[in-house]
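1. how would this look folded up:
(2 chains)
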Amino acid sequence: MNTKFYTCLLFILSLLMHSSCKKETEYLYKVNDVAVRQSGTTKQNTKTTTEFISIAYSDLFNANISTASLNSLSLAYSAFGDQKLIENLIIKNFLNIPGAAIPTKAAMNMNVPDFVTNTYKKFLNRVPNAFEQWNLVNIIKKDTTTTPELVYYGFMTSNEYRKY
Amino acid sequence: MSIENIKMKRRDFIKQAGLATAGTFLVPYLLPSGRLFAATGNRKANHVVFCLFAGGVRNIETIQMNDGNLMPYTLAGSKAISADILPGMTFKPPAPTGQPLQTLGTLFSEFRYALGPTGHYNGHTAAITGVYTHTNLSLKDHPPVPTVFEYYRKHSSPAKAALNAWWVSNSLGPFPALNYSIDPNYGPLYGANYIQPDSLIKHAYNVLYKPQVFSAGQKTSANEIRQFLDNNFSNQNTSTNAGVSNPLTDADNIESFILKSIAEAGTGAYKDPWGVGSLSVDMFNIFFAEKIIQQYTPELLVVNMQDVDIAHYNFTNYCDNMRRADYSLSHLWNFIQSTPGMANDTILIAAPEHGRNLTSNSFVDNYGRHALDHTGDDMSREIFCLVIGPPSVVKQNQVITAVEGQSIDIVPTIANILGFDTDIPGNYKSNMGQLLSPAFY
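-> Numbers count the residues shown, from 1 in each chain, chains lettered A, B, ... in the order given. Sure thing, here's the model as predicted:
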């Protein structure tokens, strides 16, 4: 009886000791890099005049517009009733200022789908859906006179670019 | 319902199909106003230019000529300018050669801005909408009731493009908002092209003078890209409210006009185009209204001047600027008469938005004269209205000295001249004044 009892006790103790010595697993939690892009459907707010001009400038030049230029353009913007017309004029002027960060036509033609995706990201802060991608690539490819400036102009004068 | 009931006889089918076909052809001809046929009102003239003159002037200085005839180009009279302020008259216009404008039409010398606050924006709003305003008029919004531009574009037929309707103001602030209202039945779809030339043409040279130029083919591609983006976006969201919107062809036309004007201003061509030394802001505003007249021969153009408002601080400069405004108004009329398409077919209306107080404020100028505000006393409601035009239409050389006519009569008068007054819905017309009939045959 005693032998049996001690054998059992020894067995249980050895089990307990074995389990308590088990090496603890270390978990390391990480976050994968995810590109956060706004969906077109969530853009409900209209940029103010100042925001529109400043953002357009920094989108093209990766720099802040000078206060003097911003004031002059804001005045000009307020001074005409057809805002689209003035927006077009402002963007056309920006596109013609030396130093605007615009890819070359050769670079665009080398990989049009990538150019389209990057243009959506740059100006509309989202990636294009499959249909948008296909159609824009088509428009660019079918007309050999299409330049990156022209595509940028189309994007920067769109309704979606006016929203955030 | 049994099958028998919905069976159609062959004759009925042909009849209904015929009606449906006729409807298909007719529906596209329905006007935006919902009417099938065009406005039928007879026109007195095909063009109206309305000048808001010129920032609040008193009848004491204009009609009554207390300090002499400060408006010799507009008003008949040879009373000399008061000797004490004469040295302060820096504007030296050439002596008038023709008849003063008042002889070319009817002068309502006791016109009234009868109700509402005597503020510039209130006065402008009443004159442009035909309805008096109250103290709750917002300076940040478009007016609550339709403007004359909206009535004109909505109720004229054939439909009028915004190229035909212009609002030219000499300053920003709330004035850009007067090209259309927030009335749900009207709004930007029927608004006027608004421009403030001093900011856009004179001062934007450095930032707008050199745009990227696209060929016609490239423009088509750019439009295709933009249209695709807009269609895709507007399917999911509301489109941007961009004010008055010109069709692409008209927008291209206006853009070229603006760029040409900016370039001309940049070369200094607009510094003294009238040969009078230099152009004040008011004069430049009138000068640019003339450029619009030359370019587009609009059917309806409203232009203002505001420089006499210096009266708040300087009475003598107020008088001097009144002379500039007088010269400008005359220049405008002469320009109209030298413009093919508008000569002898234009009626010019000029009226201040309000007057100024009888009693002065505490500012005294270098010539010992006290300055004038406009805070709603009787004198600040006493103004004049001049209506001039073709002798066969407008009664010539007539002065109506009785208290007759008021600011809210101008819109119905313009509507009558351009033949759309009968098409303005009754619930809108009932808030307005009435036709200034004594001015017309």
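2. so where's the stretch 101-250 of chain B shaky on pLDDT?
-> For the stretch 101-250 of chain B, the stretches with pLDDT under 70 are B:234-241.
3. can you map out the helices along it?
-> Counting by DSSP state H, counting those that start in this stretch, the stretch 101-250 of chain B has helices at residues B:120-129, B:148-155, B:197, B:205-208, B:216-234, B:248-266.
4. if I look at B:V213, how far off is chain A?
-> According to CB to the nearest CB, to the nearest Å, B:V213 stands 8 Å off from chain A. Backbone N, C-alpha and C define where each C-beta goes, glycine included.
5. that should have said B:I388, apologies.
-> According to CB to the nearest CB, B:I388 stands 28 Å off from chain A.
6. identify the residues contacting that residue.
-> B:I388 sits next to B:L101, B:Q102, B:L104, B:G105, B:T106, B:W333, B:I347, B:L348, B:V394 when contact means CB atoms under 8 Å, 6 or more residues apart in numbering or on different chains.
7. circling back to that earlier point, quick one: closest of the helices of the stretch 101-250 of chain B to chain A.
-> Checking these against chain A by CB to the nearest CB gives helix B:216-234 as the closest, at 3.1 Å.
8. for the closest one, packing partners?
-> Under the contact criterion of 3 or more CB pairs under 8 Å, 6 or more residues apart in numbering or on different chains; DSSP states H and E, helix B:216-234 touches helix A:130-142, helix A:148-156.
9. pick the most deeply packed of the ones you listed.
-> Highest mean neighbour count among those (mean count of other CB atoms under 10 Å in any protein chain shown): helix A:148-156, with a mean of 24.
10. in JSON lines: the helices and strands packed on helix B:216-234, plus distance to B:L300.
-> Below are the helices and strands packed on helix B:216-234 laid out as JSON lines (distance: least, CB to CB, whole Å):
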{"stretch": "helix A:130-142", "distance to B:L300": "40"}
{"stretch": "helix A:148-156", "distance to B:L300": "33"}
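11. among those, which comes closest to chain B?
-> Taking CB to the nearest CB, helix A:148-156 is the member of these nearest to chain B, at 3.1 Å.
12. now do that closest one against helix A:130-142, angle only.
-> With axes from the mean of the first three to the mean of the last three CA atoms, to 10 degrees applied, the angle from helix A:148-156 to helix A:130-142 works out at 150 degrees.
13. quick one: buried residues of the lengthiest helix in chain B?
-> Longest helix in chain B by number of residues (criterion: DSSP state H): helix B:315-337. Neighbour-count burial for helix B:315-337, counted by 16 or more other CB atoms under 10 Å in any protein chain shown, picks out B:315-333, B:335-336.
14. number of nearby residues for residue 128?
-> I'll assume chain A. Residues near A:P128, counting by other CB atoms under 10 Å in any protein chain shown, number 21.
15. my bad, chain B
-> 29.
16. isn't it up against B:I408?
-> No. Between B:I128 and B:I408 there is no contact under CB atoms under 8 Å: 10.3 Å.
17. about what we covered before: quick check: mean pLDDT of whatever helix or strand comes next after the longest helix of chain B?
-> Once the chain leaves helix B:315-337, the next helix or strand it forms, by DSSP states H and E, is strand B:346-351. In this model, strand B:346-351 has a mean pLDDT of 98.
18. off-centre distance for strand B:346-351?
-> 10 Å (CA atoms, centre = their mean, to the nearest Å).
19. contacts for that strand next, please.
-> B:44-53, B:74, B:101, B:105, B:111, B:127, B:329, B:332-333, B:336, B:383-390, B:393-394, B:407, B:410, B:413-414, B:417.
20. restricted to strands, list those residues.
-> Counting by DSSP state E, those place B:47-52, B:105, B:111, B:383-388 in strands.
21. wait, which of the residues you listed is closest to A:T144?
-> Checking the ones in strands among the contacts of strand B:346-351 against A:T144 by CB to CB gives B:H47 as the nearest, at 46.8 Å.
22. surely the closest one touches B:E299?
-> Yes. When contacts are counted by CB under 8 Å, B:H47 is listed as touching B:E299 (5.4 Å).
23. quick check: pLDDT value at B:N5.
-> Per-residue confidence (pLDDT) for B:N5: 44.
24. check B:P94 too.
-> Note on B:P94: pLDDT of 88.
25. contacting residues around it?
-> For B:P94, the contacting residues are B:V276, by CB under 8 Å, 6+ apart.
26. let me know the secondary structure of it.
-> Three-state assignment for B:P94 (DSSP: H, G, I helix; E, B strand; the rest coil): coil.
27. tell me how far the longest helix of chain B is from the chain's mean position?
-> Taking the mean of its C-alpha atoms, helix B:315-337 sits 17 Å from the chain's own mean (CA atoms, centre = their mean).
28. and that helix, what does it pack onto?
-> strand B:47-52, helix B:281-296, strand B:346-351.
29. B:V302 should be in a helix, yeah?
-> No. Using three-state DSSP, the assignment for B:V302 is strand, not a helix.
30. for it, which non-adjacent residue is closest in space?
-> Nearest non-adjacent residue to B:V302, counting by CB to CB, 6 or more residues apart in numbering or on different chains: B:F50, 4.6 Å away.
31. make sure that neighbour is actually in contact with B:T413.
-> No. Using CB under 8 Å, B:F50 is not in contact with B:T413, being 9.3 Å away.
32. these two - which one has more neighbours?
-> Remark: of B:F50 and B:T413, B:T413 carries more neighbours, 28 against 23, as counted by other CB under 10 Å.
33. who's in contact with that one?
-> By CB under 8 Å, 6+ apart, B:T413 lies in contact with B:I349, B:V387, B:L435, B:L436, B:A439.
34. for the first one, give the beta-bridge partners.
-> It stands for B:I349. B:I349 has these beta-bridge partners by DSSP bridges: B:F50, B:V387.
35. what is the neighbour count of it?
-> Residues lying near B:I349 (other CB under 10 Å) number 24.
36. repeat that for the second one.
-> Neighbouring residues of B:V387 were enumerated by other CB under 10 Å; the total is 28.
37. who's in contact with it?
-> Counting by CB under 8 Å, 6+ apart, B:V387 touches B:G105, B:T106, B:L107, B:F108, B:I347, B:L348, B:I349, B:V394, B:T413, B:L436, B:A439.
38. one more time with 6 Å, if that's ok
-> Residues near B:V387 by CB atoms under 6 Å, 6 or more residues apart in numbering or on different chains: B:G105, B:T106, B:I349, B:V394, B:A439.
39. the bottom helix or strand of chain A by mean pLDDT?
-> helix A:2-20 (a mean of 67; mean pLDDT, DSSP states H and E).
40. what's the most distant pair in the contacts of B:T413?
-> Across the contacts of B:T413 (CB to CB), the longest gap, 12.2 Å, separates B:I349 and B:L435.
41. any idea how far A:P113 is from A:L136?
-> For A:L136, the distance to A:P113 (CB to CB, to the nearest Å) stands at 9 Å.
42. same check, this time on A:R162
-> To A:P113, A:R162 is 26 Å away according to CB to CB.
43. which one of these two is surrounded by more residues?
-> Between A:R162 and A:P113, counted using other CB under 10 Å, the more crowded position is A:R162 (22 against 13).
44. what about B:D377, neighbour count?
-> Other residues near B:D377 number 15, with proximity taken as other CB under 10 Å.
45. tell me the contacts of the residue lying closest to B:H120 once chain neighbours are set aside?
-> Setting aside the residues directly before and after it, B:H120 is nearest to B:E353 in space (CB to CB, 6+ apart), at 6.0 Å. B:E353 makes contacts with B:L52, B:H120, B:G123, B:H124, B:A127, as judged by CB under 6 Å, 6+ apart.
46. nice, that's everything, thank you.
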